[in-house]
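[1] Pasting the sequence and the predicted coordinates here, then a few questions.
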Amino acid sequence: MSWVKSCFLPVALVCIALASCSIFAKEQPAPVYDVRSAVVVSAQKIPPAILAGVGDRVNAAINATVRTDVYPRVVLTIRILFVEKGQGFDKSRNVAKVSVDAASVDDGSVVAVSAFEVTSFSSSPTAADEILAEDIAARIRSAFSLSAGRA
């Protein structure tokens, strides 16, 4: 038992020292791209209001974004993989799974890939598609550093 007590203090000090080193580590900044256009596609039967809403909002954000520095030019292919509406106890939760590919304008190679799931809540079934489209577009604007434009 005394051996455990005698080893505890040095081990605790080493752990604290290692933890403090990670506090000062800087994260690498995410790459920034000059997004030129976006297209929204879907393999399943997705409501047209979601497809058009995402496309309009993302393209408006692309047009509103002004880049002062030169960045690699890309085009976005936004794939809405599936949408589930009316989830949960009160049928207000809507979920969409989205994949975004950024392809280089110069040679067509894919330079960035992002996949995410969006959950939105709406008590109105008629507004659910628009709210889900806005939430998807907001995630894409955030991921690609786009300004919020008017759709």
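    Looks like it came in fine.
[2] how about whichever strand or helix holds Leu132: buried residues?
    Here Leu132 sits within helix 128-143, counting by DSSP states H and E. Across helix 128-143, burial judged by 16 or more other C-beta atoms under 10 Å covers 128-141, 143. In short, each C-beta sits where N, CA and C put it, glycine included.
[3] Next: stretch 81-95.
    Of all the residues in stretch 81-95, those buried under the rule 16+ other C-beta under 10 Å are 83, 85, 92-94.
[4] How about stretch 47-61?
    Buried residues in stretch 47-61, defined by neighbour count with 16+ other C-beta under 10 Å: 47, 50-51, 53-61.
[5] what's the spacing between stretch 111-125 and its chain's center?
    8 Å (C-alpha atoms, centre = their mean, to the nearest Å).
[6] Need the residues that contact it.
    The contact list for stretch 111-125 (C-beta atoms under 8 Å, 6 or more residues apart in numbering) reads 31, 33, 72, 74, 85-86, 90, 92-104, 128, 131-132, 135-136, 139-140, 143.
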